[in-house]
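J.: coords please:
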Amino acid sequence: MSVASNPYGPNPSDFLSNVNKFEVIESTLREGEQFANAFFTTEKKIEIAKALDDFGVDYIELTSPVASEQSRRDCEAICKLGLKAKY
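T.: Okay, the predicted model is just below:
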């Protein structure tokens, strides 16, 4: 019986040596409404965006503003918040 080799080399911590370069891309506001009966109000989207920003997420994915007039208004409202995260 052979022993499987470690795919990260002899020292797995070397694989994560660039962890300070990782960025978090969060898609709840884009993907979260893709399920039947799922709907976030503008107020809930703002609450979620603020919480994600407070957590330190680097990027927040939003529904495309061309998807609907409401999506455009929601994107504008979130963009006006002045969050640190990019969207």
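J.: which stretches of the protein have low pLDDT?
T.: Counting by pLDDT under 70, the chain contains low-confidence ranges at 1-4.
J.: Identify, by residue count, the longest helix of it.
T.: helix 42-55 (DSSP state H).
J.: Of all residues in this protein, which one is nearest the centre?
T.: Nearest to the geometric centre of the chain sits E26, at 0.7 Å (CA atoms, centre = their mean).
J.: Settle this for me: it is touching I60, isn't it.
T.: Yes: in this structure, E26 is within contact of I60 by CB atoms under 8 Å, at 5.4 Å. Placement of C-beta: from N, CA and C, glycine included.
J.: Which residues are in contact with each of these two?
T.: Common neighbours of E26 and I60, using CB atoms under 8 Å, 6 or more residues apart in numbering, are L52, A85.
J.: Just give the number of residues close to S13.
T.: 9 (other CB atoms under 10 Å).
J.: That one: which element?
T.: Using DSSP states H and E, S13 falls within helix 12-15.
J.: F35 versus L83, what's the distance?
T.: 25 Å (CB to CB, to the nearest Å).
J.: which one of these two has more residues nearby?
T.: Between L83 and F35, counted using other CB under 10 Å, the more crowded position is L83 (17 against 8).
J.: Tell me if I am right that the more buried one is in a strand.
T.: No: looking at L83 with DSSP: H, G, I helix; E, B strand; the rest coil, it is coil, so not inside a strand.
J.: what's the neighbour count on the nearest residue to it once chain neighbours are set aside?
T.: Distances taken as CB to CB, 6 or more residues apart in numbering put D53 closest to L83, at 4.1 Å, once the chain neighbours are dropped. Close neighbours of D53, defined as other CB under 10 Å, add up to 19.
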